[in-house]
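Need a 3D model of the sequence below.
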Amino acid sequence: MKRAKLSVLPLILAAQPLWAESDPIKHDSEYYILFSQHAEQWADDDAAVDQRLAEFKEKNGGKPPNIFSILIDDLGFGDMGIPELNAIRGYDTPNINDFSDEGLRMVRMYTEPSCTPTRVAQMTGRLPVRMGMGDTAVDIAGFGLPGSEVILPEVLKQAGYATSHVGKWHMGDVAESWAMNQGFDYAQMAVHQQGQLTIFNDDAIKEQVSVAIQDYDDKYTIDGYFRPDASTMMTVIEGEAGGPINEIRMAPGERWNAQKYDEMNQAFQDKTMEELQRLAAGEEPFFLQYWPMIPLDNTRAGRDGPQSANGGLYVDKMQLLDQWLGDLFSEMDRLGVAENTIVVVMGDNGHFTKYSPQSGFTPMIFKGGKAETTEGGVRVDAFIRWPGMIEADGLLNSIVHVSDLYTTFARFAGAVQYIPRDRLVDGVDQSAALLFSDESKARRDSVIIYSADQPKAIVKDQLKLKLPPKGENPIIAKFYNLYRDTREEYPVSTEVGAWGGQEFVRILSRHQARKELFPDTPPAFGLPYEGVENMRPETKQAVDAFIVRRDSPKQ
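Residues are numbered from 1 along each chain as shown. Next up, the predicted model:
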């Protein structure tokens, strides 16, 4: 099968930027309100950051730091890094806890409410709504991240970085959205996510994790396309930039099950270790991205590995993942790259509360979980370690959004000039706040929290507004003081609303006015899996079924 035709824009960008280095990055409106008040201080902070980065490069043989980014699925705030909170859950993550002591905790890290939008925000530095990627697809969908987005590895490659991705991707099943076609030199990635791989699989169906898929007598079933079949969908693909892409570890006619899921996760860990060793031996600075798929694991079938007093399906696998990360951290020490590598470990959104309490996880400090816009859905554990550069065992209580990693990593890498200037970038440069562990140097004090394409809440400073329905006066809308009320149970609407109601409405109005200048665009649409050279016959049939369903409204 021929490779899919990809957007040429990333290739153009790889050759040379389309903007002058002196052009400012275009941000959302609230950035400029802060800039008007702190421009002089920010200029001083930028100079101090430049000096520290120059000193690091001089000590590091003229090279910027390596970057190792680890994004863990569906973990709420407090599940990593705090032994006391581990203890009350009945499990332990000693390696991550030690790592948190060596790094700085970003206490107010905000993500998006679910997997795809968080990953899109981290990769693009932009709110997912801006390119139609604010929702999460489980099965064959025919859309994904547009090739016109300039994602982080594309920015870093222009600064001389080697780039590699291993694990979950979940930003589309069309070719232009895949990691190896979006700036990574190499990628081994799951096309879809755990809905397919641990919830729809044959063992999970037998255990009633998924009901009415294949666990019944189908003599009355007429529509054979209605129910997903995880085994016919594409599973894990592998390839290098510009080279062939193949599905791996899945033969024609083979069924996906719990054993295959376990083997895939072990293979991701092993490949990450191999890539760490390969990249560390190279001459270029590297960007290695590991997005594991455990701790999500929904079956008891064939389970082994560490057990906890909690005994939850996800919690036990979290202990296994902690062991794996400990192995990677130890290997960094052995390879001699720990001192010149920035490592970030964080969650992508809150708990998958649909599977509580059998998962072993339930909301703890904050209310709610995955897919919700309460703090429990979008506040996560997040740690950054850079020995000698970022304070060890520190706390940063400034608001940070996951999109800020895009701009901040680019700054640390000396690649800011490659960030596009022809679009709005939501991520702001938080390098001064991180390098000096100083809240006063932060460049964000607000986030607008979306659910799919709809804004649902605004956080500004310590206050949060749950956006009222259209036509309702914001003066009586529900406000929360997040310092006093972490679970959003006691509205202070009367106390805040009289002065804050219109102020929050103005924040949203400015955001919407900015969107008129930089309109949202759609995702990329196309034929699922096009470009994979060894597509299985059953997968081709699944794509044919997708086409029938997609085209049925046109008949």
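
Can you point out the helix or strand that includes residue 39?
Using DSSP states H and E, residue 39 falls within helix 29-59.

Residue ranges in the stretch 201-350 of the chain under the pLDDT threshold?
Judged by pLDDT under 70, the stretch 201-350 of the chain has no weakly predicted residues.

mind listing the helices for it?
In the stretch 201-350 of the chain, helices defined by DSSP state H, counting those that start in this stretch lie at 202-206, 258-280, 313-335, listed in chain order.

Would you mind putting these into a markdown table with mean neighbour count alongside?
Any C-beta I mention is one placed from the backbone N, CA and C, and that applies to glycine too. What follows is the helices of the stretch 201-350 of the chain, written out as a markdown table (neighbours: other CB atoms under 10 Å):
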| stretch | mean neighbour count |
| --- | --- |
| helix 202-206 | 20 |
| helix 258-280 | 19 |
| helix 313-335 | 19 |
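
Out of those helices, the one nearest residue 98 is which?
helix 313-335 (8.0 Å; CB to CB).

Show me what the closest one is packed against.
Contacts defined by 3 or more CB pairs under 8 Å, 6 or more residues apart in numbering; DSSP states H and E place helix 313-335 against strand 66-72, helix 94-102, helix 258-280, strand 341-347.

and the first one, which strands flank it?
So the one you mean is strand 66-72. Here strand 66-72 has these sheet partners by DSSP bridges: strand 286-291 (parallel), strand 341-347 (parallel).

Just say which of those strands is most tucked in.
For the strands paired with strand 66-72, the largest average neighbour count (mean count of other CB atoms under 10 Å) is found in strand 286-291, namely a mean of 25.

Dump that one to CSV, restricted to CA.
This file holds the C-alpha atoms of strand 286-291, laid out as CSV (Å, rounded to 0.1, in the frame of the first residue of the first chain):
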residue,chain,number,x,y,z
PHE,A,286,18.0,14.3,22.3
PHE,A,287,14.2,14.6,22.9
LEU,A,288,12.9,11.3,24.1
GLN,A,289,9.2,10.9,24.8
TYR,A,290,7.7,8.0,26.7
TRP,A,291,3.9,7.8,27.1
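
just use 368 as the starting number from now, easier for me
From this message on, residue numbering opens at 368, which makes the last subject strand 653-658.

chain center to it: distance?
Offset of strand 653-658 from its chain centre (CA atoms, centre = their mean, to the nearest Å): 12 Å.

now stretch 595-605
Centroid separation for stretch 595-605 versus its chain: 21 Å, with CA atoms, centre = their mean.

same deal with stretch 496-507?
Put simply, stretch 496-507 sits 13 Å off its chain's centre (CA atoms, centre = their mean).

where does residue 599 fall, phi/psi-wise?
Main-chain dihedrals, residue 599, degrees, to the nearest 10: phi -90, psi -20.

Now do it against residue 619, distance only.
Distance, residue 599 to residue 619, by CB to CB, to the nearest Å: 11 Å.

Could I get the buried residue list for the helix holding residue 406?
396-398, 401, 405, 409, 412, 416, 420, 423-424 (16 or more other CB atoms under 10 Å).

which one of the helices of the stretch 568-717 of the chain lies closest to residue 792?
Nearest of the helices of the stretch 568-717 of the chain to residue 792, taken as CB to CB: helix 625-647 at 26.9 Å.

Give the intersection of the neighbour lists for residue 599 and residue 619.
Any residue near both residue 599 and residue 619 by CB atoms under 8 Å, 6 or more residues apart in numbering counts here, and that gives 903, 905.

thinking again about what came up before, kindly present the strands paired with strand 433-439 as a markdown table, with separate columns for distance to residue 881.
Converted to a markdown table, the strands paired with strand 433-439 look like this (distance: least, CB to CB, whole Å):
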| stretch | distance to residue 881 |
| --- | --- |
| strand 653-658 | 30 |
| strand 708-714 | 27 |
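
For the residue nearest the centre of the chain, list the residues it contacts.
Geometric centre of the chain, nearest residue: residue 486, 2.8 Å, by CA atoms, centre = their mean. By CB under 8 Å, 6+ apart, the residues touching residue 486 are 438, 535-538, 658, 715.

First-to-last residue distance for stretch 506-524?
31 Å (CA to CA, to the nearest Å).

tell me the average confidence for that stretch?
The average pLDDT within stretch 506-524 is 97.

Check the offset of that stretch from the chain's centre.
Counting by CA atoms, centre = their mean, stretch 506-524 is centred 13 Å from the centre of its parent chain.

again, but for stretch 689-705
On CA atoms, centre = their mean, the centre of stretch 689-705 falls 22 Å from the chain's centre.

Isn't residue 747 up against residue 711?
No. Between residue 747 and residue 711 there is no contact under CB atoms under 8 Å: 11.6 Å.

Dihedrals phi and psi, the nearest residue to residue 419 once chain neighbours are set aside?
Of all residues not flanking residue 419 in the chain, residue 802 sits nearest, at 5.7 Å (CB to CB, 6 or more residues apart in numbering). Dihedral angles of residue 802 (phi, psi; degrees, to the nearest 10) stand at phi -70, psi -30.

per-residue pLDDT, residue 802?
Residue-level pLDDT assigned to residue 802 equals 98.

What distance do you get for it to residue 392?
Distance, residue 802 to residue 392, using CB to CB: 19 Å.

same deal with residue 620?
Using CB to CB, residue 620 is found at 51 Å from residue 392.

one step back: and residue 599 and residue 619? which has more neighbours close in?
residue 599 (19 against 10; other CB atoms under 10 Å).

Contacts only, for that one.
Counting by CB under 8 Å, 6+ apart, residue 599 touches 903, 905-906, 908-909.

Please tabulate those in TSV, including the columns secondary structure and pLDDT.
Shown next, in TSV, are those (DSSP: H, G, I helix; E, B strand; the rest coil; pLDDT from 0 to 100):
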residue	secondary structure	pLDDT
903	coil	98
905	helix	98
906	helix	98
908	helix	97
909	helix	97
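
With respect to residue 542, which of those is nearest?
Proximity of these to residue 542 (CB to CB) peaks at residue 906, which lies at 14.2 Å.

just to revisit the earlier point, what would the helices and strands packed on helix 680-702 look like in TSV with distance to residue 477?
Converted to TSV, those look like this (distance: least, CB to CB, whole Å):
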stretch	distance to residue 477
strand 433-439	14
helix 461-469	19
helix 625-647	26
strand 708-714	11
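
Residue 872: which of the ones you listed is closest?
Across the helices and strands packed on helix 680-702, residue 872 has its closest neighbour in strand 708-714 (31.1 Å, CB to CB).

Just want the angle from that closest one to helix 625-647.
Strand 708-714 runs at 160 degrees relative to helix 625-647, counting by axes from the mean of the first three to the mean of the last three CA atoms, to 10 degrees.

coming back round to it: format the buried residues of helix 396-426 as JSON lines; extra columns: pLDDT and distance to residue 524.
Putting the buried residues of helix 396-426 into JSON lines (pLDDT from 0 to 100; distance: CB to CB, whole Å) gives the following:
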{"residue": "396", "pLDDT": "97", "distance to residue 524": "31"}
{"residue": "397", "pLDDT": "98", "distance to residue 524": "31"}
{"residue": "398", "pLDDT": "98", "distance to residue 524": "26"}
{"residue": "401", "pLDDT": "98", "distance to residue 524": "31"}
{"residue": "405", "pLDDT": "97", "distance to residue 524": "32"}
{"residue": "409", "pLDDT": "98", "distance to residue 524": "28"}
{"residue": "412", "pLDDT": "98", "distance to residue 524": "27"}
{"residue": "416", "pLDDT": "98", "distance to residue 524": "22"}
{"residue": "420", "pLDDT": "98", "distance to residue 524": "19"}
{"residue": "423", "pLDDT": "98", "distance to residue 524": "21"}
{"residue": "424", "pLDDT": "98", "distance to residue 524": "18"}
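
Show me which of these is closest to residue 629.
Among the buried residues of helix 396-426, residue 423 lies closest to residue 629 (CB to CB), at 40.3 Å.

quick one on the thing from earlier: want to throw the buried residues of helix 396-426 into CSV with distance to residue 826?
Shown next, in CSV, are those (distance: CB to CB, whole Å):
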residue, distance to residue 826
396, 16
397, 11
398, 15
401, 15
405, 19
409, 22
412, 23
416, 26
420, 30
423, 33
424, 36
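
Perfect, that will be all.
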